[in-house]
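> Got a predicted model here, sequence first, then my questions.
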Amino acid sequence: MNKKNFYITTPIYYPSAKLHIGHAYCTTIADAIARFKRLAGYDVFFLTGSDEHGQKIQRTAESQGVTPLEYVDKIVEGFQELWQRLNISNNDFIRTSEPRHQKVVQEIFKKIQDKGDIYKGSYTGLYCTPCESYWTEHQLDENGCCPDCHRPVEKVSEEAYFFKLSNYADRILDHIEKNPDFIVPTSRRNEMINFIKQGLEDLCISRTSFDWGIPVPDDEKHVIYVWFDAVINYITPFYDDPDRFQKFWPADIHLVGKEIVRFHSIIWPAMLMAADLPLPKQIYGHGWLITDSGKMSKSVGNVVDPMLLIDEFSADAIRYFLLREITLGQDGNFNRDALITRINSDLANDLGNLLHRTLNMINKFQGGIVNAFDGESEIDKSLKNDAINTATEYKNLMENIQLSDAVKKVWTFISRANKYIDETMPWKLAKDETQKQTLSNTLYNLVESLRIISILISPLMPSTAQKIFEQLNLNDFEKIQIEDALTFGKFPINHKINKPQQLFPRIEVK
Ligand SMILES: [Zn+2]
């Protein structure tokens, strides 16, 4: 069978400081989508990385008395450790300081230059150093500051290379209008259309004021503008490998924060057009995580460190909260009390109790053996229907990247299964010799529901799903497919399950 391919990326993060929960949010979404696609039988390539060049990094490194590379090495190590702790299943990690990336950037630069869409000129502009961005007068905010970060800009003049972005305005507008799903959500799409309609100016894509970057081919006193360098990371892993390039490019989704949609939906496509390469299928702009004291920022001092949260609550609890609480595309609120409430009610209580009660009863009433079922009551039938409907709807929601709704669907079914225990009262059945088969049926249905639940939550909370699998004493967790959740009755009979173990301890609220 011909495997379907799927390629998803996160932005590559800037190593000027440790990552905060907002970065963890974006990467967790991408991971859940990547894992779901694998579960649905796709051959998935999932890329993340670090965007390491630029004046800001060079200045910070100098102020600390280290080279830029020494400075970023240490921070990027922290990125990679965080993704490992958060159970992120990326297939590759791009560092823009790597030779393999430098080579591709220079090749793309040369290709566009040979075509005549890169030319040398002189640039005087208003520059925002934190954003590494030049702005024109009319783009500045009402205070004459950077429209992205609202910090002051400075007037800079230098000899520079330019990319003929203006050549591509009509083609990009046309592409956005003909492909309604190219930029999601619609609010971002409309912003981009308006932005292009104001006219696109050629983009200055080189700098001479510092040297921490990729040199312009054959003109080494210039380094390539950090954004031009960074977006190319998405093709770096397979640019030199025609088979893999064919297989994974164009990307299915570039998942990005809403503040960088512009670079991904205008500049990057124009670069690809200039290099005669296909455009990504979708740019998805997600919202921001807001804390109770506003948008997270270092200067406000309200940055939430995901590593500390993982230490305290476990990676899966954090993943669950991020995927469940925030509707993709909108801003979401990060709040510690809400996190603890979710852990206690949804994870320790609903999911934890369902597993614990079910396994306990099988151990107590049937010596740990799952018996064959025979016949079904109306309640059984309704539980089975709910299980299949949940799995089917979940699959559709995940395919449409409605992650939060997919999570809610599964938890509605978990509540339903807990209610089934109260309705059927297995402890009563166990006391009645004539109800033996009914008891076996009931416990079978519960353990089978747990098998299905563990498959559905595997993209969201991979280690919890695996723990449930292990407690059910099922094998081949790595091989499960979404189809395995769409049929009720696959749980093996005369099967010995394990002793229940706690999935999530309750968090004491002080
Ligand atoms: Zn700025």
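Structure's in. What do you need?
> Packing partners of the one helix or strand I112 maps to?
I112 belongs to helix 99-115 when elements are defined using DSSP states H and E. Applying 3 or more Cβ pairs under 8 Å, 6 or more residues apart in numbering; DSSP states H and E, we find helix 99-115 packed against strand 219-224, helix 226-231, helix 268-274. The way it works is simple: take the backbone N, C-alpha and C, and place the C-beta from them, glycine included.
> Okay, buried residues for that helix please.
Neighbour-count burial for helix 99-115 flags 101-102, 104-106, 108-109, 111-113 (criterion: 16 or more other Cβ atoms under 10 Å).
> Using PDB, write out every CA atom in it.
The C-alpha trace of helix 99-115 is given here as PDB (Å, rounded to 0.1, in the frame of the first residue of the first chain):
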ATOM      1  CA  PRO A  99      26.600  23.700   7.900                       C
ATOM      2  CA  ARG A 100      23.800  21.700   6.200                       C
ATOM      3  CA  HIS A 101      21.500  24.700   6.700                       C
ATOM      4  CA  GLN A 102      24.100  27.200   5.600                       C
ATOM      5  CA  LYS A 103      24.600  25.300   2.400                       C
ATOM      6  CA  VAL A 104      20.900  25.300   1.500                       C
ATOM      7  CA  VAL A 105      20.400  29.000   2.300                       C
ATOM      8  CA  GLN A 106      23.400  30.000   0.100                       C
ATOM      9  CA  GLU A 107      22.100  27.800  -2.700                       C
ATOM     10  CA  ILE A 108      18.600  29.300  -2.500                       C
ATOM     11  CA  PHE A 109      20.100  32.800  -2.400                       C
ATOM     12  CA  LYS A 110      22.200  32.100  -5.400                       C
ATOM     13  CA  LYS A 111      19.300  30.600  -7.300                       C
ATOM     14  CA  ILE A 112      17.100  33.700  -6.800                       C
ATOM     15  CA  GLN A 113      20.000  36.000  -7.500                       C
ATOM     16  CA  ASP A 114      20.800  34.300 -10.800                       C
ATOM     17  CA  LYS A 115      17.200  34.700 -11.700                       C
END
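> what mean pLDDT does that helix have?
The average pLDDT within helix 99-115 is 98.
> Pull the residues that contact it.
Residues outside helix 99-115 that contact it (Cβ atoms under 8 Å, 6 or more residues apart in numbering) are 94-95, 118, 161, 163, 214-217, 224, 228-229, 232-233, 235-236, 239-240, 271, 274-276.
> C-terminal to the one helix or strand in the chain whose mean pLDDT sits lowest, what's the next element?
One helix or strand of the chain scores below all others by mean pLDDT, DSSP states H and E: strand 294-295, with a mean of 73. Later in the chain than strand 294-295, the nearest helix or strand by DSSP H and E is helix 306-313.
> and the helix or strand following that next one, C-alpha only, in PDB?
Of the helices and strands lying after helix 306-313 in sequence (DSSP H and E), the nearest is helix 315-325. Output in PDB follows, covering the C-alpha atoms of helix 315-325 (Å, rounded to 0.1, in the frame of the first residue of the first chain):
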ATOM      1  CA  ALA A 315       4.500  16.200  31.000                       C
ATOM      2  CA  ASP A 316       1.200  14.600  30.200                       C
ATOM      3  CA  ALA A 317      -0.700  16.700  32.600                       C
ATOM      4  CA  ILE A 318       0.700  19.900  31.000                       C
ATOM      5  CA  ARG A 319       0.000  18.500  27.500                       C
ATOM      6  CA  TYR A 320      -3.500  17.700  28.500                       C
ATOM      7  CA  PHE A 321      -4.100  21.100  29.800                       C
ATOM      8  CA  LEU A 322      -2.700  22.900  26.800                       C
ATOM      9  CA  LEU A 323      -4.600  20.800  24.300                       C
ATOM     10  CA  ARG A 324      -7.900  20.900  26.200                       C
ATOM     11  CA  GLU A 325      -8.100  24.400  27.500                       C
END
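> what sits up against helix 315-325?
With contacts defined as Cβ under 8 Å, 6+ apart, helix 315-325 is touched by 21, 24-25, 28-29, 31-32, 85-87, 306, 309-310, 332-333, 338-339, 342-343, 346-347, 403-404, 407-408, 411, 460-464, 504.
> which residues of the stretch 101-250 of the chain fall in helices?
With DSSP state H, counting those that start in this stretch, the ranges of helices along the stretch 101-250 of the chain come out as 169-178, 186-197, 226-231, 242-248.
> Out of those helices, the one nearest the ion is which?
helix 226-231 (12.2 Å; Cβ to the ion).
> starting at the chain centroid, how far to that closest one?
With Cα atoms, centre = their mean, to the nearest Å as the basis, helix 226-231 stands 21 Å off its chain's centre.
> Now for D337: which residues touch it?
By Cβ under 8 Å, 6+ apart, the neighbours of D337 are V509.
> Then it would be within a helix, right?
Yes - assessed with DSSP: H, G, I helix; E, B strand; the rest coil, D337 lies in a helix.
> who's in contact with P426?
Counting by Cβ under 8 Å, 6+ apart, P426 touches 361, 365, 439, 442-443.
> helix/strand/coil for T10?
strand.
> any chance of the contacts of P426 in a markdown table, plus distance to the ion?
Formatted as a markdown table, these follow (distance: Cβ to the ion, whole Å):
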| residue | distance to the ion |
| --- | --- |
| M361 | 60 |
| F365 | 65 |
| L439 | 66 |
| T442 | 61 |
| L443 | 60 |
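> and which of the residues you listed is nearest to N385?
T442 (16.0 Å; Cβ to Cβ).
> returning to what we had before: which one, of the helices and strands packed on helix 99-115, ends up nearest to L289?
Of all the helices and strands packed on helix 99-115, helix 226-231 comes closest under Cβ to Cβ, at 22.1 Å.
> can you list contacts of the closest one?
Identification of contacts with helix 226-231 by Cβ under 8 Å, 6+ apart yields 12, 51, 53-54, 96, 101, 105, 109, 132-133, 163, 203, 205, 213-214, 263-264, 267-268, 271.
> Now, of those residues, which are buried?
Using 16+ other Cβ under 10 Å, the buried ones in the contacts of helix 226-231 are 12, 51, 53-54, 96, 101, 105, 109, 132-133, 163, 203, 205, 213-214, 263-264, 267-268, 271.
> hang on, the earlier thing: just checking: what are the partner strands of the least confident helix or strand of the chain?
Neighbouring strands of strand 294-295 in its sheet, by DSSP bridges, are strand 289-291 (antiparallel).
> Please report how far the residue in the stretch 151-300 of the chain positioned nearest to the ion lies from M307.
Closest residue of the stretch 151-300 of the chain to the ion, Cβ to the ion: R151 (5.2 Å). Here the criterion is Cβ to Cβ, to the nearest Å. By it, R151 lies 28 Å from M307.
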